[in-house]
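Visitor: can you look at this prediction? I've put the sequence above it.
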Amino acid sequence: MSPLENTYLAPTAFAQRVYAALQQVPAGRVTTYGWLAHAVGVKSAQAVGQALRRNPFAPAVPCHRVIAADLHLGGFHGARAGTPLAHKRQLLADEGVLFDAQGQLVEPWRLWSGQKTMPQSPMVFS
DNA sequence: ACCGTGACGGCGA
DNA sequence: TTCGCCGCCACGG
């Protein structure tokens, strides 16, 4: 492919910081767009979504382990619904992340504490 | 250089 | 509780 018809966009410096932080998240655990944003030093979780949206290194860079703060699944391969999301849920399930009968994420921390806001410190929770 | 657009998050109605 | 609005900020057109 000639340089002129190469449409591949190299990751920006910002995206690379996001990917690097994301690699800290082990299989079977998840983080959120917001915590990831905090980890790379920006206040916009949306900007993190921008970077993950075009992640060229999936699933080596485990963007399927990033969910939204309200515990909905977020997106996958640019899609916010449909089969890509089923795939994302399956990847997580295969790693041992728990889902209930309704397909909703079961989040142990919430079950233990009963709180409705996110804990401050850990970037990763299960 | 400017502007609209999100794989978001949180607060108020 | 759900819904809308607005602040957030990197990116692409």
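Guide: Done, it's in.
Visitor: excluding its backbone neighbours, what's nearest residue A:22?
Guide: The shortest distance from residue A:22 to any non-neighbouring residue, by C-beta to C-beta, 6 or more residues apart in numbering, is to residue A:61 (5.7 Å). (Glycine included, C-beta is placed from N, CA and C.)
Visitor: the one you found against residue A:25, yeah?
Guide: No - with contact defined as C-beta atoms under 8 Å, residue A:61 does not reach residue A:25; the gap is 9.8 Å.
Visitor: about what we covered before: who's in contact with the residue nearest to residue A:22?
Guide: Counting by C-beta atoms under 8 Å, 6 or more residues apart in numbering, residue A:61 touches A:19, A:22, A:23, A:55.
Visitor: tally of neighbours for the second one?
Guide: This points to residue A:22. 23 (other C-beta atoms under 10 Å).
Visitor: ok, and what's touching the longest helix seen in chain A?
Guide: Counting by DSSP state H, the longest helix found in chain A is helix A:83-94. For helix A:83-94, contacts defined as C-beta under 8 Å, 6+ apart pick out A:30, A:59, A:64-65, A:73-79, A:99, A:103, A:105.
Visitor: most neighbours of all the residues you listed, which one?
Guide: Highest neighbour count within those: residue A:64, with 26 neighbours (other C-beta under 10 Å).
Visitor: farthest-separated two in the contacts of residue A:61?
Guide: A:23 and A:55 (11.6 Å; C-beta to C-beta).
Visitor: give me the more crowded residue out of the two.
Guide: Between residue A:23 and residue A:55, counted using other C-beta under 10 Å, the more crowded position is residue A:55 (22 against 11).
Visitor: would you say that one is within a strand?
Guide: No - according to DSSP: H, G, I helix; E, B strand; the rest coil, residue A:55 belongs to no strand; its state is coil.
Visitor: that one against residue A:16, yeah?
Guide: No - contact criterion C-beta under 8 Å: residue A:55 and residue A:16 do not qualify, at 10.9 Å.
Visitor: got the buried residues for the longest helix of chain A?
Guide: A:85, A:88, A:89, A:91, A:92 (16 or more other C-beta atoms under 10 Å).
Visitor: need the residues you listed in CSV (columns: distance to DNA strand C and pLDDT).
Guide: Shown next, in CSV, are the buried residues of helix A:83-94 (distance: C-beta to the nearest atom of the strand, whole Å; pLDDT from 0 to 100):
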residue, distance to DNA strand C, pLDDT
A:85, 18, 95
A:88, 22, 95
A:89, 20, 94
A:91, 24, 95
A:92, 22, 94
